[in-house]
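Novice: sequence first, then the predicted structure, then my questions.
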Amino acid sequence: MIAVIGAGAFGTALAVALARNGRAVTLWARDAAQVRDMGATRVNGARLPGVVLPENVSVTAEIADLAGAEAVLLSLPMQALRGFLAQQGATLVDAPLVACCKGIDLASLTGPTAVIQEQCPTATVALLTGPSFAADIARSLPTALTLACADAAAGERLQHLLATPVLRLYRSDDVTGAELGGALKNVVAIAAGVVIGAGLGDSARAALMTRGYAEMQRLALALGARAETLAGLSGFGDLVLTCTSAQSRNFRFGHALGAGQGFDPTVTVEGAATAKAVSNLAEKRGLDLPITRMVALLIDGAVDLPTAIQSLLSRPLKKE
């Protein structure tokens, strides 16, 4: 049995995809009312409408029901991960823990695997990340992801356990690079949304994505990641997807910022918290990340959009 913690759109989609591959899956949700509704209707209508849960997906609100899992996939918002593990981590350490969230923890300025390792020091930890929308995974559309694990043998076991005919997993031991690619691309996606929302055009978006990718590499390499990881699925691949599709919550959030429109506060936008965390991290490291800094300032309301645009366009000319 594979356990998936978090019955949002992505967690539900992973449960559906793994179950269609013949695995028994237990999907955990915090809200008992949601569990009852999903058990009765066999759909997660609020998060993934139109997708029916296979019969081999069990839905529960009891952590004890996850005992004996071959792997536990943690599909929780990044900023909720620490609190959950502080309460429940001791019950999960017998199985490999696979982070399925993208971001930087505001409290520690670290990624999800470090948070897991801090709360569950004896657990085998891995990360599942890359260019993917929940709706595509749930509809069995071809998707390729990165599975990053420092333990090569454990990573290979998880790769074979979690891959399906249409969910292709590429293995990596560069956990830092995979984490940072997934986290930082969300910040650039917000900026790309701002560009389009403000009517600045596709050429400006292409420039923004390119310079944003340079910032991703700058920080990741400073923290010990490998350049080829950022050029792979968890970096460049995810960047392309989230900067060019309105399915991306980060892009939609940025689009609303750029257009001067409101945004649904109940929608989780991982890049908003990540922009603040990365700005703090870059300052501590003495790194220049102008796009990230402007995104963080825009979100906080510390600058208006014309000022942010002018600040970026008036930077000194230099070699690429």
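Specialist: Noted; the coordinates are in hand. These figures come from a predicted structure and were not determined experimentally.
Novice: tell me how far stretch 304-320 is from the chain's mean position?
Specialist: The offset between the C-alpha centroid of stretch 304-320 and the centroid of the whole chain comes to 28 Å, using C-alpha atoms, centre = their mean, to the nearest Å.
Novice: what's next to it, contact-wise?
Specialist: Stretch 304-320 has contacts (C-beta atoms under 8 Å, 6 or more residues apart in numbering) with 194, 198, 200, 257-258, 260, 290-291, 294, 297-298, 303. In short, each C-beta sits where N, CA and C put it, glycine included.
Novice: which of those tops the neighbour count?
Specialist: Using other C-beta atoms under 10 Å as the neighbour criterion, residue 194 leads these with 28 neighbours.
Novice: so which strand or helix has that residue?
Specialist: In this assignment (DSSP states H and E), residue 194 forms part of helix 175-197.
Novice: pLDDT of that helix, averaged?
Specialist: If you average the pLDDT over helix 175-197, you get 97.
Novice: what's near enough to touch residue 19?
Specialist: Listed by C-beta under 8 Å, 6+ apart, the contact set of residue 19 reads 25, 53-54, 56-57.
Novice: now those in CSV, with pLDDT?
Specialist: Compiled in CSV, those are given as follows (pLDDT from 0 to 100):
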residue, pLDDT
25, 98
53, 96
54, 96
56, 96
57, 97
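Novice: any quick ChimeraX command for the buried ones out of the residues you listed?
Specialist: To isolate the buried subset of the contacts of residue 19 in ChimeraX, counting by 16 or more other C-beta atoms under 10 Å, use the following:
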select :25,53,54,56,57
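Novice: and which of the contacts of residue 19 is nearest residue 72?
Specialist: When the contacts of residue 19 are compared for distance to residue 72 (C-beta to C-beta), residue 25 comes out closest, at 11.3 Å.
Novice: give the contact list for that closest one.
Specialist: 1-4, 15, 18-19, 56-58.
Novice: can you say which two of the contacts of stretch 304-320 are spatially most distant?
Specialist: The most widely separated members of those are 260 and 290, with 22.3 Å between them, by C-beta to C-beta.
Novice: got a pLDDT number for residue 24?
Specialist: Reported pLDDT for residue 24: 97.
Novice: mind checking how far it is from residue 15?
Specialist: With distances taken as C-beta to C-beta, to the nearest Å, residue 24 is found 10 Å from residue 15.
Novice: who has more neighbours, the two?
Specialist: Neighbours per residue, other C-beta under 10 Å: of residue 24 and residue 15, the larger number sits with residue 15, 32 against 16.
Novice: related to what we said a few turns ago, just name the closest of the contacts of residue 19 to residue 184, please.
Specialist: Proximity of those to residue 184 was ranked by C-beta to C-beta; the top entry is residue 25 with 30.4 Å.
Novice: buried ones in stretch 46-56, by neighbour count?
Specialist: Of the residues in stretch 46-56, those scored as buried under the neighbour-count criterion (16+ other C-beta under 10 Å) are 47-48, 51, 53-54, 56.
Novice: nope, stretch 95-114 is what I was after
Specialist: For stretch 95-114, burial by neighbour count (16+ other C-beta under 10 Å) applies to 95-105, 110-114.
Novice: and for stretch 270-280?
Specialist: Within stretch 270-280, the residues that qualify as buried by neighbour count (16+ other C-beta under 10 Å) are 270-279.
Novice: end to end, how far does stretch 61-71 reach?
Specialist: 18 Å (C-alpha to C-alpha, to the nearest Å).
Novice: which residues sit in contact with the nearest residue to residue 201 once chain neighbours are set aside?
Specialist: Residue nearest to residue 201 in three dimensions, not counting chain neighbours: residue 195, with 7.6 Å by C-beta to C-beta, 6 or more residues apart in numbering. Contact analysis of residue 195 by C-beta under 8 Å, 6+ apart lists 201, 204-205, 208, 254, 258.
Novice: most surrounded residue in those residues?
Specialist: Neighbour counts for these were taken using other C-beta under 10 Å; the highest belongs to residue 254, with 33 neighbours.
Novice: is that one in contact with residue 188, as I believe?
Specialist: No - under the contact definition of C-beta atoms under 8 Å, residue 254 does not touch residue 188, with a separation of 9.3 Å.
Novice: need the nearest residue in space to the residue positioned nearest the centre of the chain, chain neighbours excluded.
Specialist: Against the mean C-alpha coordinate of the chain, by C-alpha atoms, centre = their mean, the closest residue is residue 102 at 2.7 Å. Excluding its sequence neighbours, the residue lying closest to residue 102 (C-beta to C-beta, 6+ apart) is residue 182, at 3.7 Å.
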